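Colleague: Please work out how this folds:
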Amino acid sequence: MSKAPLTPIRSAFVLGSTSEVAKAICRELAQRGCRRFHLVARNVEANQQLTVELQERWKCAVSTEQTDLLADAALEPARQPEVGEFDLYLITAGALGDAELARSDTAEVLRITAANYAGLLAWLTAIVTPERIAKQGRLWVFSSVAADRGRPSNYHYGAAKAALTAFCEGLLLRCQGKPFAVRIIKAGFMATPMTLGKAPPVLCASPESVARDLLRWPKRRGIEYLPWWWSPLMRLVRLLPAPLASKL
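Modeller: Numbers count the residues shown, from 1 in each chain. Got it, this is the predicted structure:
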(Lines give C-alpha, C1' and ligand atoms only; values in the text may rest on other atoms or scores of the structure.)
Protein backbone atom coordinates (compact mmCIF):
# COMPACT_ATOMS: atom_id res chain seq x y z
CA MET A 1 0.00 0.00 0.00
CA SER A 2 1.54 3.33 -1.04
CA LYS A 3 1.57 6.12 1.49
CA ALA A 4 0.49 9.57 0.36
CA PRO A 5 2.71 12.43 1.55
CA LEU A 6 1.66 13.77 4.93
CA THR A 7 -0.20 17.04 4.85
CA PRO A 8 1.30 20.17 6.46
CA ILE A 9 0.72 20.57 10.20
CA ARG A 10 -2.05 23.15 10.49
CA SER A 11 -3.53 21.92 13.79
CA ALA A 12 -2.04 20.29 16.88
CA PHE A 13 -3.31 18.53 20.00
CA VAL A 14 -0.71 18.76 22.78
CA LEU A 15 -0.85 16.70 25.99
CA GLY A 16 1.72 18.01 28.45
CA SER A 17 1.65 21.45 26.85
CA THR A 18 3.32 23.22 29.78
CA SER A 19 6.56 21.22 29.53
CA GLU A 20 9.46 23.27 28.20
CA VAL A 21 9.89 21.08 25.13
CA ALA A 22 6.16 21.25 24.33
CA LYS A 23 6.21 25.04 24.50
CA ALA A 24 9.24 25.15 22.21
CA ILE A 25 7.57 22.80 19.72
CA CYS A 26 4.34 24.83 19.79
CA ARG A 27 6.27 28.01 19.03
CA GLU A 28 8.13 26.30 16.19
CA LEU A 29 4.87 24.92 14.80
CA ALA A 30 3.25 28.34 14.95
CA GLN A 31 6.20 29.90 13.12
CA ARG A 32 5.71 27.28 10.40
CA GLY A 33 2.01 27.96 9.93
CA CYS A 34 0.15 25.85 12.50
CA ARG A 35 -2.86 27.92 13.46
CA ARG A 36 -5.01 25.74 15.72
CA PHE A 37 -3.94 24.24 19.04
CA HIS A 38 -5.65 22.31 21.81
CA LEU A 39 -3.46 22.41 24.92
CA VAL A 40 -3.92 19.85 27.69
CA ALA A 41 -2.03 20.18 30.97
CA ARG A 42 -2.37 20.00 34.74
CA ASN A 43 -1.14 23.54 35.36
CA VAL A 44 -3.97 25.82 34.24
CA GLU A 45 -2.06 29.07 34.77
CA ALA A 46 0.98 27.99 32.74
CA ASN A 47 -1.33 26.67 30.01
CA GLN A 48 -3.00 30.08 29.84
CA GLN A 49 0.37 31.81 29.48
CA LEU A 50 1.19 29.71 26.41
CA THR A 51 -2.32 30.29 25.08
CA VAL A 52 -1.91 34.07 25.23
CA GLU A 53 1.49 33.88 23.52
CA LEU A 54 0.16 31.77 20.64
CA GLN A 55 -2.88 33.99 20.23
CA GLU A 56 -1.12 37.34 20.39
CA ARG A 57 2.11 36.53 18.57
CA TRP A 58 0.80 34.24 15.80
CA LYS A 59 -2.96 34.82 15.87
CA CYS A 60 -3.64 31.15 16.57
CA ALA A 61 -6.96 29.69 17.63
CA VAL A 62 -6.30 28.00 20.97
CA SER A 63 -8.48 25.87 23.24
CA THR A 64 -7.33 24.44 26.57
CA GLU A 65 -8.14 21.55 28.88
CA GLN A 66 -7.03 20.60 32.38
CA THR A 67 -6.23 17.01 33.32
CA ASP A 68 -4.56 15.10 36.14
CA LEU A 69 -2.67 12.05 34.87
CA LEU A 70 -2.81 10.43 38.29
CA ALA A 71 -6.61 10.41 38.01
CA ASP A 72 -6.39 9.36 34.35
CA ALA A 73 -4.32 6.35 35.41
CA ALA A 74 -7.33 4.97 37.31
CA LEU A 75 -8.89 4.18 33.91
CA GLU A 76 -12.43 4.45 35.22
CA PRO A 77 -15.02 3.47 32.58
CA ALA A 78 -16.59 6.93 32.72
CA ARG A 79 -13.30 8.56 31.68
CA GLN A 80 -13.06 8.63 27.89
CA PRO A 81 -10.96 11.56 26.67
CA GLU A 82 -12.20 13.59 23.72
CA VAL A 83 -9.29 14.35 21.43
CA GLY A 84 -10.92 15.80 18.31
CA GLU A 85 -9.43 15.89 14.81
CA PHE A 86 -5.93 17.32 14.40
CA ASP A 87 -2.98 16.96 12.01
CA LEU A 88 -0.61 16.28 14.91
CA TYR A 89 -1.03 14.67 18.33
CA LEU A 90 1.97 15.54 20.50
CA ILE A 91 2.52 13.78 23.84
CA THR A 92 5.22 15.31 26.03
CA ALA A 93 3.70 14.73 29.48
CA GLY A 94 6.03 13.24 32.06
CA ALA A 95 7.77 13.79 35.38
CA LEU A 96 10.99 12.55 36.97
CA GLY A 97 9.42 12.41 40.41
CA ASP A 98 11.43 11.91 43.57
CA ALA A 99 13.60 8.85 42.92
CA GLU A 100 14.89 8.70 46.49
CA LEU A 101 11.40 8.88 47.96
CA ALA A 102 10.11 6.27 45.51
CA ARG A 103 12.50 3.68 46.95
CA SER A 104 10.36 3.50 50.06
CA ASP A 105 7.08 5.22 49.20
CA THR A 106 4.60 3.33 47.03
CA ALA A 107 2.51 6.45 46.49
CA GLU A 108 5.47 8.18 44.81
CA VAL A 109 6.04 5.10 42.64
CA LEU A 110 2.42 5.29 41.47
CA ARG A 111 2.71 9.03 40.78
CA ILE A 112 5.79 8.48 38.60
CA THR A 113 4.11 5.60 36.77
CA ALA A 114 0.94 7.63 36.20
CA ALA A 115 2.76 10.70 34.90
CA ASN A 116 4.94 8.76 32.48
CA TYR A 117 2.84 5.79 31.41
CA ALA A 118 -0.44 4.71 33.01
CA GLY A 119 -2.04 8.14 32.87
CA LEU A 120 -1.34 8.37 29.12
CA LEU A 121 -3.05 5.12 28.15
CA ALA A 122 -6.60 6.48 27.93
CA TRP A 123 -5.38 9.38 25.78
CA LEU A 124 -3.33 7.21 23.43
CA THR A 125 -6.21 4.77 23.07
CA ALA A 126 -8.56 7.63 22.21
CA ILE A 127 -6.13 8.94 19.60
CA VAL A 128 -5.17 5.71 17.83
CA THR A 129 -8.55 4.42 16.68
CA PRO A 130 -9.19 2.36 13.54
CA GLU A 131 -10.96 5.33 11.98
CA ARG A 132 -8.14 7.76 12.70
CA ILE A 133 -5.23 5.62 11.51
CA ALA A 134 -6.99 5.15 8.18
CA LYS A 135 -6.55 8.90 7.60
CA GLN A 136 -3.65 11.31 7.39
CA GLY A 137 -2.18 12.25 10.75
CA ARG A 138 0.77 12.09 13.10
CA LEU A 139 1.38 10.96 16.66
CA TRP A 140 4.63 12.07 18.27
CA VAL A 141 5.31 10.63 21.73
CA PHE A 142 8.22 11.65 23.94
CA SER A 143 9.87 8.78 25.77
CA SER A 144 13.39 8.92 27.21
CA VAL A 145 16.84 7.41 26.91
CA ALA A 146 16.22 6.25 30.50
CA ALA A 147 13.99 3.56 28.98
CA ASP A 148 16.98 1.77 27.45
CA ARG A 149 18.51 0.37 30.62
CA GLY A 150 17.61 0.25 34.29
CA ARG A 151 19.74 2.57 36.42
CA PRO A 152 19.83 2.65 40.22
CA SER A 153 19.43 6.44 40.18
CA ASN A 154 16.06 6.57 38.38
CA TYR A 155 14.71 3.07 37.74
CA HIS A 156 11.09 3.99 38.52
CA TYR A 157 11.11 6.70 35.85
CA GLY A 158 13.05 4.50 33.42
CA ALA A 159 10.66 1.58 33.88
CA ALA A 160 7.63 3.78 33.18
CA LYS A 161 9.26 5.20 30.06
CA ALA A 162 10.22 1.68 28.93
CA ALA A 163 6.58 0.63 29.26
CA LEU A 164 5.49 3.70 27.29
CA THR A 165 8.04 2.94 24.57
CA ALA A 166 6.89 -0.68 24.23
CA PHE A 167 3.24 0.37 24.10
CA CYS A 168 3.92 3.00 21.44
CA GLU A 169 6.11 0.62 19.45
CA GLY A 170 3.04 -1.59 19.24
CA LEU A 171 1.08 1.39 17.93
CA LEU A 172 3.88 2.10 15.46
CA LEU A 173 3.76 -1.45 14.08
CA ARG A 174 -0.03 -1.37 14.02
CA CYS A 175 0.15 1.72 11.79
CA GLN A 176 2.62 0.28 9.29
CA GLY A 177 1.25 0.79 5.80
CA LYS A 178 -1.33 3.26 7.11
CA PRO A 179 -1.52 7.02 6.42
CA PHE A 180 -1.19 7.70 10.17
CA ALA A 181 2.47 8.10 11.21
CA VAL A 182 3.70 7.23 14.71
CA ARG A 183 6.99 8.71 15.91
CA ILE A 184 8.63 7.78 19.22
CA ILE A 185 11.26 10.21 20.47
CA LYS A 186 13.81 8.91 22.96
CA ALA A 187 14.95 12.23 24.30
CA GLY A 188 18.14 12.76 26.23
CA PHE A 189 18.69 15.37 28.92
CA MET A 190 17.30 18.80 28.16
CA ALA A 191 18.14 22.13 29.76
CA THR A 192 14.88 22.45 31.71
CA PRO A 193 13.93 22.85 35.39
CA MET A 194 13.16 19.10 35.48
CA THR A 195 16.82 18.18 34.94
CA LEU A 196 18.47 21.12 36.68
CA GLY A 197 21.40 19.80 38.71
CA LYS A 198 20.73 16.21 37.64
CA ALA A 199 22.84 16.09 34.46
CA PRO A 200 26.12 17.55 33.17
CA PRO A 201 25.36 20.71 31.17
CA VAL A 202 27.35 19.36 28.20
CA LEU A 203 24.75 16.57 27.82
CA CYS A 204 21.75 18.91 27.97
CA ALA A 205 20.17 20.04 24.70
CA SER A 206 17.94 23.08 24.64
CA PRO A 207 14.21 22.51 24.09
CA GLU A 208 14.44 24.88 21.14
CA SER A 209 17.08 22.76 19.39
CA VAL A 210 14.98 19.63 19.93
CA ALA A 211 11.95 21.40 18.46
CA ARG A 212 13.94 22.45 15.40
CA ASP A 213 15.23 18.89 14.91
CA LEU A 214 11.71 17.47 15.10
CA LEU A 215 10.30 19.94 12.60
CA ARG A 216 13.26 19.52 10.26
CA TRP A 217 11.90 16.07 9.37
CA PRO A 218 8.16 16.30 10.09
CA LYS A 219 7.28 13.28 7.94
CA ARG A 220 9.42 10.82 9.89
CA ARG A 221 7.93 7.77 11.59
CA GLY A 222 9.62 5.21 13.82
CA ILE A 223 11.89 5.41 16.85
CA GLU A 224 14.60 8.06 17.05
CA TYR A 225 16.98 9.60 19.55
CA LEU A 226 17.25 13.35 20.09
CA PRO A 227 19.82 14.73 19.90
CA TRP A 228 21.05 12.07 17.44
CA TRP A 229 24.26 11.30 19.34
CA TRP A 230 22.28 9.65 22.14
CA SER A 231 21.82 6.64 19.84
CA PRO A 232 25.50 5.53 19.81
CA LEU A 233 25.91 6.60 23.44
CA MET A 234 23.00 4.45 24.62
CA ARG A 235 24.25 1.55 22.53
CA LEU A 236 27.42 1.66 24.63
CA VAL A 237 25.43 2.00 27.87
CA ARG A 238 23.41 -1.12 27.03
CA LEU A 239 26.67 -3.05 26.58
CA LEU A 240 28.15 -2.05 29.94
CA PRO A 241 28.74 -4.94 32.36
CA ALA A 242 26.58 -4.90 35.49
CA PRO A 243 29.34 -3.65 37.89
CA LEU A 244 29.81 -0.54 35.73
CA ALA A 245 26.08 -0.07 35.04
CA SER A 246 25.41 -0.08 38.79
CA LYS A 247 27.34 3.19 39.08
CA LEU A 248 25.18 5.10 36.59
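Colleague: Give me the buried positions along the helix ranked longest in the chain.
Modeller: Looking across the chain with DSSP state H, the single longest helix is helix 155-174. For helix 155-174, burial by neighbour count (16 or more other Cβ atoms under 10 Å) applies to 155-165, 167-169, 171-172. In short, each C-beta sits where N, CA and C put it, glycine included.
Colleague: Centre of the chain to the very next helix or strand once past that helix, how far?
Modeller: Downstream of helix 155-174, the first helix or strand assigned by DSSP states H and E is strand 180-187. Distance of strand 180-187 from its chain centroid, counting by Cα atoms, centre = their mean, to the nearest Å, is 9 Å.
Colleague: between strand 180-187 and helix 155-174, how big is the angle?
Modeller: With axes from the mean of the first three to the mean of the last three Cα atoms, to 10 degrees applied, the angle from strand 180-187 to helix 155-174 works out at 160 degrees.
Colleague: So which residues make contact with strand 180-187?
Modeller: Residues outside strand 180-187 that contact it (Cβ atoms under 8 Å, 6 or more residues apart in numbering) are 6, 21, 128, 132-145, 147-148, 165, 168-169, 171-172, 175, 210, 214, 219-226, 230, 234.
Colleague: could you flag which of those are buried?
Modeller: Applying 16+ other Cβ under 10 Å to the contacts of strand 180-187 flags 6, 21, 128, 132-133, 137-145, 147-148, 165, 168-169, 171-172, 175, 210, 214, 221, 224-226, 230, 234 as buried.
Colleague: Narrow these to those in strands?
Modeller: Mapping the buried ones among the contacts of strand 180-187 onto strands (DSSP state E) picks out Gly137, Arg138, Leu139, Trp140, Val141, Phe142, Ser143, Ser144, Glu224, Tyr225, Leu226.
Colleague: what's the lowest-pLDDT member of these?
Modeller: Looking at those by pLDDT, the weakest one is Leu226, with 89.
Colleague: ok, that one - contacts?
Modeller: Contacts of Leu226 by Cβ under 8 Å, 6+ apart are Ile185, Lys186, Ala187, Gly188, Ala205, Val210, Asp213, Leu214.
Colleague: quick one: it from Leu124, how far?
Modeller: Distance from Leu226 to Leu124, counting by Cβ to Cβ, to the nearest Å: 20 Å.
Colleague: so where is the chain shaky, pLDDT-wise?
Modeller: 1-4, 75-79, 193-199, 201-202, 245-248 (pLDDT under 70).
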